[in-house]
Every structure is written in structure tokens, then in C-alpha cells.
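Visitor: next comes the sequence, and after it the predicted model I'd like to discuss.
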Amino acid sequence: MRLATFKHLSSKNADYGAAEKYLLFEHDEFTNKPIFDENGRLIPRENCRFVTLNCGEDDFAIDCMKSNLQYGKNRNRGDIKSHHYIISFDPRDGVENGLTVDRAQELGEQFCKEHFAGHQAIVCTHADGHNHSGNIHCHIVINSLRIEDVPLLPYMDRPADTRAGCKHRCTEAAMNYFRAEVMDMCQREGLHQIDLLGGSGERVTEGEYWARRRGQAELSVNGKATKFETDKEKLRNIIRSALSSAKDFDELAELLLREGVTVKQSRGRLSYLTSDRAKPITARRLGDDFDLTAINAVFEQKSRHLEQNGEQSISSQPSILKRLQGAKTAKIDTYHDSISRMVDVTPDKGAGFEHWAKVFNLKQSAKSLAKLEKYGFQSLEDLQTAIAVTKADERDCREALKAVETELYGKKELQKRVLAYANTRLIRDEYKALKSDRAREKFRKQHESEFIMMESAQKYFKEHGITKIPSYKTLQSEIERLTSRQSELYKELHEKHEEVKRLQIIADNINRTLHEESNKTKDKNQEI
């Protein structure tokens, strides 16, 4: 794996101890089975760090099972028992940016505490990956059950996402949020990073990655020096070859058909059907370079080139697609325009770390002073005032969000009661039409559940002072309005929070710089 990446795996395995065993002991990279020494004992992994969080005095497996029993969750075979997140760093970070296994473990623990608070968790860092490229990577395994209430994070859209006794949901919004946080972390730490939110030119799934690895291993065993290609990889190469020759979409389809590939377009999306498959492969599964937008961009670029240079040089431009792909996967500058908190210079972590930390602190100090001037602050007092004002704005935004959420919850609850009461209308009309008490009593017994729902709704209306029952459609429009407002406040709150963090880091860095300068001056005076 190159550059920092973030992956997620979910597990339905009820044996929580299996995760600990995998992280602590050597396993075969193809079969995932444990490796034993000549005495039949498990072989511990070299140079790894391991810690459990929120597990009390018990180990991870026992504490997870206790919590599951307490809340009555994760009992069924199909339940997701745990979630496994992996942060994998670039191999160059160890040499160029001073990343150590200990520092990666610290970052993993911070990430877990911030984003998976309330879950029992394992944080384990390995010094190398499956492909022995030297990439330090951190595993975070959490019990899917939450055992404590947690604050509302921007990606959460249900009250259950914060409550104890409910389960963690890895939604697309959550993954995008986590990816953005990993990118922020890498920029803050001065590590190599790419845009994890911008899509992938060539999307290689976990299954394809391992199929490629196994196939290459088999070729190596058989003494063949050729490169193994998966079916998807062969298809990508066929499309690239046809795309380099085609001038428009029709010609591309014709060239692909000659290779036994049928390209189909439906609702602005492409899919590719090979002769040996019954079901087409979508462009999304191949990568962003094979969707309609990217392919049309290639044709447009070729068309502009033709207008400028004529027919002759089309074939001499093999780098058109590469330049397009290169633009899509451009790296984010390591430091970009961000400010990071200065780190402690500790000689006990080695001369390499000490040198990196000093250079890093000098850069952050210079950036902080530049930002102070850029924002127009005349002194540290002005900066502290701005922090206090921004914190107050953040507080107001949080209170407004709570008010909207409370109102939204009330509207949804009222909508449920209105719907339940409306569903008993026929029963109420029939009951009123009955003349004798005996007939009414008999009818009530026959429809006891409906009467319970009706009386519960009536009691709710009375307790909340509702004399005129609103319509379901009216409530739905109000819920949609409040949901939209909730989303706006989420975004605003996140922006305020980030602004407070940024200003506070600038203030801390400047205070630290002034303190260090003061200490240097004192030392010089003492020497004199």
C-alpha cells in the first residue's frame, strides 16, 4: 500500500478473541491461518504495539461478551459483532518524516478515543504490511455495541448513534468523515497523503488485491517471471488500449466489441460485459478513470488537440490518459496551508526524532506567526479575544442545534401518534354506532389493541396540550424543514469547532515559542 489509506472491515464472528490472536501472532497472508513454530506454539508478531480501551479489568473478548449479554445484543448469527478499521501510512514516512511505531500507536489511540468513544476497542500497530513494503499501519477493532453515551458527531443522523446499548453504523457519511479526519491527521503530522475523498482512478477491492497476490505467488512458485493479471485488470488494459485509439464513444464501443467486450450506457453510467461473464462489470467497480465523465474528458482533450495540431500527432500522444489520471490522483502538499501543534522534543526517542521534531517546530512557529499577521491580530490578547468569541459562537450554535433536535424529535413523535390515531378511525366510528353497552363491551374486547393505541394517542395529545390534531402532511413538511436546518447547523458547528482548534493551536505555538525564547535569553544571561 502506498501513501496513507483508510479501510473498513466488518465481522460477524462471535469469537472476539480471534481478533486479538490475529493482531498479536503471525498469520499466513493468504489463508489467514496462524503460523506455529517447531514446538507447535504461536509465533508472536515482531515490533508491534497493543492496547485495549474501555475494557475495565477484563480483556477485550470477555468484556465485549459481558456487554452483549447486558444489553441483549449481538446474539444472532447474522449480527455484525465488530468493526475493524485500518490506518496504513506511507513507507516513506518512517525515513522522511520520523514516523515510528510508537508515534503511529499514539495517533491510532487518539483517533479511536475521538471517533469511537463509548466502544470497547483494541488499538494495535504493526511495523510492516503484508507486502513487506515497510508501511507502518494501525488496526482499530471495536465492539459494534456502544456501552456509553457519546457526543453527537457531524456524520451521525440518528439519536441512536449516540446512545449506550445501540450499535455502531459504518455509513458512507461516516467513512467520508473518517477519511477526512485521517487526511487532517496526516497533514497535521507532516505525513505523506493523497485525497481520500476524491475517488480512485483504478479501484482495487480487497478481493482483487488478494487474488492478484495469490496469482503472482503461484507464478513465482512455477518459475514464471510474467506478471499476473486479474480479470478486472485485463479489462482495464483492454479499455485503456481502445481509448488511446478511439476518437469518440462510438469508435470506442466498436474497438471494445472486437476484443469481446460490450460497453453499455444507462442513465449516464457505463458498464462493461466480457464474453466469459453473464453479468457486466460497472465502471464504478473498475475505477473513476473508466466512467463516462473521465472518458468524455479524454475525447474532449483529443478533439482540442486535433484542432490545434491536426490529425498527424494523435498517435504520438500516449500520455493523454496518463496526464488525466495524474491530475485526478495529485498529491496534497504535506503541510499545505494548515497549522499543527508543536511537539515535545524528547531525546529518548532517538536522534532522528529529535532532529525531525526541532525542524517541525520551527516550521509551525513560523506559520503561526504568519497566520497571526494574516488574520490582522496585533497581539496575543487580540487572538485570545477572537478565540473566546468563536467559542461563544460555537456554544450558541450547539445550543441552537440541541433546540432543533429536541423540536425535531417532538415532531416525529407527534407524527407517530397522529398516524396511530388515524389508523383507529374506522374502529372509533363503529364503536360510536353501537347502541347497547353490552355490544360496546364485546366490541372493545375484540379490538383491544386498537383501543390501547387510540387511548395512548389521546393521552399524549392531552399531556402536550394539543386540542387540534395536525395533519400528517403538515408534520412531514415541518420535519423536512427541521432536518434541513439540523444539517445546516451540523456544518456550521463543525466549522466553528475547527476554527477554535486552529486559533488555539496558533496561540499555543506562539506561547511556546515565546517561552522558549525567554528561556534561551535567561541561559545566555547566566552564562555572561
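Guide: Yep, it's here.

Visitor: pLDDT on the longest strand seen in the chain, on average?
Guide: Longest strand in the chain by number of residues (criterion: DSSP state E): strand 137-146. Along strand 137-146, the predicted confidence averages to a pLDDT of 95.

Visitor: same check on stretch 439-458?
Guide: The pLDDT scores in stretch 439-458 average 86.

Visitor: list of residues touching it?
Guide: Identification of contacts with stretch 439-458 by C-beta atoms under 8 Å, 6 or more residues apart in numbering yields 417-418, 420-421, 423-424, 427-428, 430-431, 434. C-beta here means a position set from N, CA and C on the backbone, and glycine is covered the same way.

Visitor: if you set the cut-off to 10 Å instead, what comes out?
Guide: 414, 416-428, 430-434, 436, 466, 469 (C-beta atoms under 10 Å, 6 or more residues apart in numbering).

Visitor: hmm, back to that, what's the offset of the longest strand of the chain from the middle of its chain?
Guide: Averaging C-alpha positions (C-alpha atoms, centre = their mean, to the nearest Å) puts strand 137-146 13 Å from its chain's average.

Visitor: same thing with stretch 166-182?
Guide: That offset, for stretch 166-182, works out to 4 Å (C-alpha atoms, centre = their mean).

Visitor: may I see the buried residues of the longest strand of the chain?
Guide: Residues 137-146 are the ones in strand 137-146 that count as buried (16 or more other C-beta atoms under 10 Å).

Visitor: now that strand - C-alpha only, PDB.
Guide: C-alpha atoms of strand 137-146 as PDB (Å, rounded to 0.1, in the frame of the first residue of the first chain):
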ATOM      1  CA  HIS A 137      -0.200   0.600   9.900                       C
ATOM      2  CA  CYS A 138      -2.600   0.800  12.800                       C
ATOM      3  CA  HIS A 139      -5.500  -1.600  13.400                       C
ATOM      4  CA  ILE A 140      -8.500  -0.400  15.400                       C
ATOM      5  CA  VAL A 141     -11.100  -3.100  16.300                       C
ATOM      6  CA  ILE A 142     -14.200  -2.100  18.100                       C
ATOM      7  CA  ASN A 143     -17.200  -4.000  19.500                       C
ATOM      8  CA  SER A 144     -20.200  -3.000  17.400                       C
ATOM      9  CA  LEU A 145     -22.100  -2.300  20.600                       C
ATOM     10  CA  ARG A 146     -21.800   1.000  22.300                       C
END
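
Visitor: which strands or helices does that strand pack on?
Guide: strand 5-11, helix 17-24, strand 48-53, helix 60-71, strand 82-88, helix 101-115, strand 119-126 (3 or more C-beta pairs under 10 Å, 6 or more residues apart in numbering; DSSP states H and E).

Visitor: got the angle between the very next helix or strand once past that strand and strand 5-11?
Guide: Beyond strand 137-146 on the C-terminal side, the first helix or strand identified by DSSP states H and E is helix 172-189. Helix 172-189 runs at 140 degrees relative to strand 5-11, counting by axes from the mean of the first three to the mean of the last three C-alpha atoms, to 10 degrees.

Visitor: other SSEs contacting helix 172-189?
Guide: Packing contacts for helix 172-189, counted by 3+ C-beta pairs under 10 Å, 6+ apart, involve strand 5-11, strand 82-88, helix 101-115, helix 472-527.

Visitor: can you put these in a markdown table and add mean neighbour count and distance to Val404?
Guide: Listed next are the helices and strands packed on helix 172-189 as a markdown table, based on neighbours: other C-beta atoms under 10 Å; distance: least, C-beta to C-beta, whole Å:
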| stretch | mean neighbour count | distance to Val404 |
| --- | --- | --- |
| strand 5-11 | 15 | 30 |
| strand 82-88 | 22 | 29 |
| helix 101-115 | 18 | 24 |
| helix 472-527 | 14 | 5 |
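
Visitor: which of the ones you listed has the lowest mean pLDDT?
Guide: Ranked on mean pLDDT, the bottom entry among the helices and strands packed on helix 172-189 is helix 472-527, at a mean of 82.

Visitor: just give me how far that helix sits from the chain centre.
Guide: With C-alpha atoms, centre = their mean, you get 21 Å for helix 472-527.

Visitor: and the angle from that helix to helix 172-189?
Guide: Interaxial angle, helix 472-527 versus helix 172-189 (the same axes, to 10 degrees): 10 degrees.

Visitor: tell me the buried residues in stretch 393-413?
Guide: For stretch 393-413, a neighbour-count test (16+ other C-beta under 10 Å) marks 393-394, 397-398, 400-401, 404-405, 408, 411-412 as buried.

Visitor: do stretch 26-46 as well
Guide: Of the residues in stretch 26-46, 27, 45 count as buried by neighbour count, 16+ other C-beta under 10 Å.

Visitor: now stretch 414-434
Guide: Of all the residues in stretch 414-434, those buried under the rule 16+ other C-beta under 10 Å are 414-415, 417-418, 420-421, 424, 427, 431.

Visitor: also stretch 462-475?
Guide: Within stretch 462-475, the residues scored as buried using 16+ other C-beta under 10 Å are Leu475.

Visitor: neighbouring contacts of it?
Guide: Under C-beta under 10 Å, 6+ apart, the answer for stretch 462-475 is 410-419, 421-422, 457-458, 460-461, 477-478.
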